[in-house]
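Engineer: Got a predicted model here, sequence first, then my questions.
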Amino acid sequence: MATQSENCEKWIDKYTDLQRIKNASDRDAEIDYQITIAKANLQALGIPTEDLEIKKQ
């Protein structure tokens, strides 16, 4: 279970990531970068990301 400090850190990071996307000159590149970082973090925790991918129909 996450501590209050860990939860605060998580939400500050999320807020910062969203601000980066909002203010990026190339939003698509920033979104791709954020996805890469999130995917690496999930995989480092042993969480497979393949099933989380949203496929365009």
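Structural biologist: Received the coordinates, thanks. Numbering: from 1, shown residues only.

Engineer: how close does residue 26 sit to residue 57?
Structural biologist: Distance of residue 26 to residue 57, given as CB to CB, to the nearest Å: 26 Å. Heads up, the C-betas are built off the backbone N, CA and C, glycines and all.

Engineer: Those two: which has the busier surroundings?
Structural biologist: Neighbours were counted for residue 26 and for residue 57 using other CB atoms under 10 Å; residue 26 has more, 9 against 3.

Engineer: tell me the pLDDT at the more buried one?
Structural biologist: pLDDT recorded at residue 26 is 98.

Engineer: Report how many residues lie close to residue 38.
Structural biologist: Close neighbours of residue 38, defined as other CB under 10 Å, add up to 14.

Engineer: which SSE is it in?
Structural biologist: For residue 38, the element it lies in under DSSP states H and E is helix 27-44.

Engineer: what helices or strands is that helix leaning on?
Structural biologist: Under the contact criterion of 3 or more CB pairs under 8 Å, 6 or more residues apart in numbering; DSSP states H and E, helix 27-44 touches helix 4-23.

Engineer: helices or strands up against the helix it packs on?
Structural biologist: Helices and strands touching helix 4-23, as assessed by 3+ CB pairs under 8 Å, 6+ apart, comprise helix 27-44.

Engineer: The helix it packs on versus helix 4-23: what angle between them?
Structural biologist: Helix 27-44 runs at 150 degrees relative to helix 4-23, counting by axes from the mean of the first three to the mean of the last three CA atoms, to 10 degrees.

Engineer: Next, the buried residues of helix 27-44.
Structural biologist: Buried residues in helix 27-44, counting neighbours by 16 or more other CB atoms under 10 Å, are found at 30, 34.

Engineer: ok, and what's touching that helix?
Structural biologist: With CB atoms under 8 Å, 6 or more residues apart in numbering as the test, helix 27-44 has contacts from 17, 20, 21, 24, 49, 52.

Engineer: Please export the alpha-carbon coordinates of stretch 18-31; CSV is fine.
Structural biologist: In CSV, the C-alpha atoms belonging to stretch 18-31 read as follows (Å, rounded to 0.1, in the frame of the first residue of the first chain):
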residue,chain,number,x,y,z
LEU,A,18,0.1,16.9,-18.2
GLN,A,19,1.5,20.4,-18.1
ARG,A,20,4.4,19.2,-20.3
ILE,A,21,1.9,17.9,-22.9
LYS,A,22,-0.2,21.0,-22.7
ASN,A,23,2.7,23.3,-23.3
ALA,A,24,4.7,21.2,-25.8
SER,A,25,5.5,22.7,-29.1
ASP,A,26,5.1,19.1,-30.6
ARG,A,27,2.3,17.6,-28.5
ASP,A,28,2.3,14.2,-30.4
ALA,A,29,6.1,13.8,-29.7
GLU,A,30,5.6,14.7,-26.0
ILE,A,31,2.7,12.2,-25.7
